[in-house]
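A.B. asks: Got a predicted model here, sequence first, then my questions.
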Amino acid sequence: MSTQSIIDTRRYQMFPKLEPEEIKRVRRFGEVRSYDMGEALAKVGEVGHGLTVVLAGTVNITQHDESGRREPIVTHGPGSFMGELAQLAGRPALVDAYAQEPVVAVIIPPERLRALLVAEAELGERIMRALILRRVGLLETGAGGPVIVGRAENGDVIRLEGFLSRNGHPHQRLNPDTDTDTEAKALVERFQVDPGQLPIVLCPGGQLLRNPSETELARCIGLVGPIDPDRVYDVAVVGAGPAGLATAVYAASEGLSVLVLDCRAFGGQAGASARIENYLGFPTGITGMALMARAYNQAQKFGVEMAIPDEVMGLQARDNPDEDRFVLRLSGEERVSARSVVIASGARYRRLEVDTWKRLRRRACTIGHRLWRGSCARGRKWLWWAAAILQAKRWFI
Ligand SMILES: Cc1cc2nc3c(=O)[nH]c(=O)nc-3n(C[C@H](O)[C@H](O)[C@H](O)COP(=O)(O)OP(=O)(O)OC[C@H]3O[C@@H](n4cnc5c(N)ncnc54)[C@H](O)[C@@H]3O)c2cc1C
């Protein structure tokens with residue numbers, strides 16, 4: 001098995017250099033700024049200014065390891081650019097960037113970066129690929145994200161790690177029981193955490209959370225922010241599965257303002273699929289997560305705003321016909337106003353409420369698998385029921 005990291009194998013795509021003529025083209029999307037030697041261009045946990053194209057000087061990019069020590073990633077010089085997917089969505093930085101010497105750079109804020117990616121097809125593709133690969137590199141090492149302290153087999157650790165992985169966010173885990181993780185022990189002692197209260201989570205901004213919910217964690221690391229109650233979106237989409245993300249991409253690419261809400265993670269059921277073989281255009285198949293991550297990034301490229309995790313609890317129809325909006329009620333008492341709402345909340349499969357269900361299951365009769373393949377001969381008469389279940393959709397209000 002190869003132990004090479006993505007930074008070894010794809011370095012030239014991760015850190016491309018722009019030609020002088022290309023720099024001239026990107027300049028119109030940003031503003032030129034100067035930095036003194038030692039000045040920070042980005043800090044872990046803080047929302048940065050955007051994509052930074054270096055014109056003169058050098059910038060050191062470092063990541064934090066699980067003990068908080070800084071490790072070098074790369075040094076950007078004239079012609080190279082600094083940023084990763086966080087800059088596309090205006091989220092907190094996952095790396096530190098300091099000027100090694102006086103620096104002059106073009107700063108392209110998130111909304112202008114999205115305009116650049118759409119307007120400059122070939123250059124935009126190269127920049128977008130670099131941003132994605134850099135995020136993949138950070139995911140490999142877990143750098144820049146929160147540190148979870150707890151045992152790998154603990155249910156809440158699994159829950160929090162699963163949530164971060166499904167949302168493509170780097171993280172690290174320290175085990176307070178192993179001799180090698182002395183930092184974990186030190187953290188547990190310093191914050192006086194009883195072993196029964198584990199896991200704890202240290203956010204990049206320095207906050208400590210004790211066994212947080214997914215929503216608490218997402219807010220702490222800047223994955224989800226407050227929603228502007230006065231803003232009226234053209235489209236609000238409930239659900240970030242394939243249907244919701246496809247809706248969002250098409251709507252935003254037509255210039256509509258779009259907000260996507262999902263109570264768990266982007267990708268929906270498809271994100272859990274080990275391999276999708278029947279999706280048009282992928283003859284060799286693709287993992288559900290890879291397909292959905294592409295859709296998620298594509299949506300953000302067109303300026304779609306994401307509120308994940310955020311659960312929609314109710315939909316209020318406009319009672320005044322002159323008022324051109326619907327209102328979505330969210331779990332945290334927040335409200336979203338939109339001119340149109342698309343509900344793409346997926347299907348929930350219900351069990352048959354029949355007395356013989358347990359007996360049938362013992363005979364290896366399962367819905368939607370053996371039944372469809374005909375290996376459960378007796379189950380065929382249940383085919384109609386199974387089809388009905390697979391169609392059963394339940395709206396949640
Ligand atoms: C393991 C697995 C493998 C699969 N493999 C394949 C395959 O190979 N080929 C294939 O064609 N299909 C496959 N499928 C089926 C496919 O994934 C689904 O048909 C598809 O995901 C449905 O898309 P959707 O967007 O309609 O709904 P979903 O993917 O179910 O997404 C709905 C989203 O809405 C969110 N949501 C629900 N209620 C709320 C609420 N109140 N507020 C906010 N958000 C909400 C959910 O969290 C979810 O993310 C597979 C499914 C699974 C589970």
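C.D. replies: It's in.

A.B. asks: Name the single longest strand found in this protein.
C.D. replies: Of all the segments of type strand in the chain, defined by DSSP state E, the longest one is strand 335-343.

A.B. asks: Residue 270 touches residue 290, doesn't it?
C.D. replies: No - counting by C-beta atoms under 8 Å, residue 270 stays clear of residue 290, with 10.6 Å between them. C-beta here means a position set from N, CA and C on the backbone, and glycine is covered the same way.

A.B. asks: Specify which residue of these two has the higher count of neighbours.
C.D. replies: It is residue 270, of residue 270 and residue 290, that has more neighbours when counted by other C-beta atoms under 10 Å, with 20 against 14.

A.B. asks: Grab the nearest non-local neighbour of the spatially most central residue of the chain.
C.D. replies: Closest residue to the average C-alpha location of the chain: residue 167 at 3.6 Å, with C-alpha atoms, centre = their mean. Spatially, and ignoring its direct neighbours in sequence, residue 167 is nearest to residue 265 (4.9 Å; C-beta to C-beta, 6 or more residues apart in numbering).

A.B. asks: Tell me how far the one you found lies from residue 255.
C.D. replies: 27 Å (C-beta to C-beta, to the nearest Å).

A.B. asks: higher neighbour count, those two?
C.D. replies: Under the criterion of other C-beta under 10 Å, the comparison of residue 265 against residue 255 puts residue 265 first, with 25 against 9.

A.B. asks: how about that one, secondary structure?
C.D. replies: Here residue 265 is recorded as coil under DSSP: H, G, I helix; E, B strand; the rest coil.

A.B. asks: State the phi and psi torsions of it.
C.D. replies: Dihedral angles of residue 265 (phi, psi; degrees, to the nearest 10) stand at phi -160, psi 170.

A.B. asks: pLDDT wise, what is it at?
C.D. replies: Note on residue 265: pLDDT of 95.

A.B. asks: With residue 187 instead?
C.D. replies: Looking at residue 187, its pLDDT reads 78.

A.B. asks: same check, this time on the one 10 residues further on
C.D. replies: Predicted confidence (pLDDT) at residue 197: the value is 83.

A.B. asks: Same question for residue 209.
C.D. replies: Note for residue 209: predicted pLDDT of 94.

A.B. asks: for the stretch 201-350 of the chain, what spans make up the helices?
C.D. replies: Counting by DSSP state H, counting those that start in this stretch, the stretch 201-350 of the chain has helices at residues 214-220, 242-253, 288-301.

A.B. asks: So which of those helices is nearest the ligand?
C.D. replies: For the ligand, the closest of those is helix 242-253, at 3.3 Å, according to C-beta to the nearest ligand atom.

A.B. asks: Now do the closest one and helix 288-301, the angle between them.
C.D. replies: Relative orientation of helix 242-253 versus helix 288-301 (axes from the mean of the first three to the mean of the last three C-alpha atoms, to 10 degrees): 20 degrees.

A.B. asks: Next, the angle strand 335-343 makes with helix 242-253.
C.D. replies: Angle, helix 242-253 to strand 335-343, by the same axes, to 10 degrees: 110 degrees.

A.B. asks: Show me the contact partners of helix 242-253.
C.D. replies: Here helix 242-253 makes contact (C-beta atoms under 8 Å, 6 or more residues apart in numbering) with 234-235, 237-238, 240, 258, 260, 262, 266-268, 270, 291-292, 295-296, 298-299, 302-304, 342, 344, 346.

A.B. asks: Please list which of the residues you listed are also close to the ligand.
C.D. replies: 238, 240, 262, 268, 270, 344, 346 (C-beta under 6 Å from any ligand atom).
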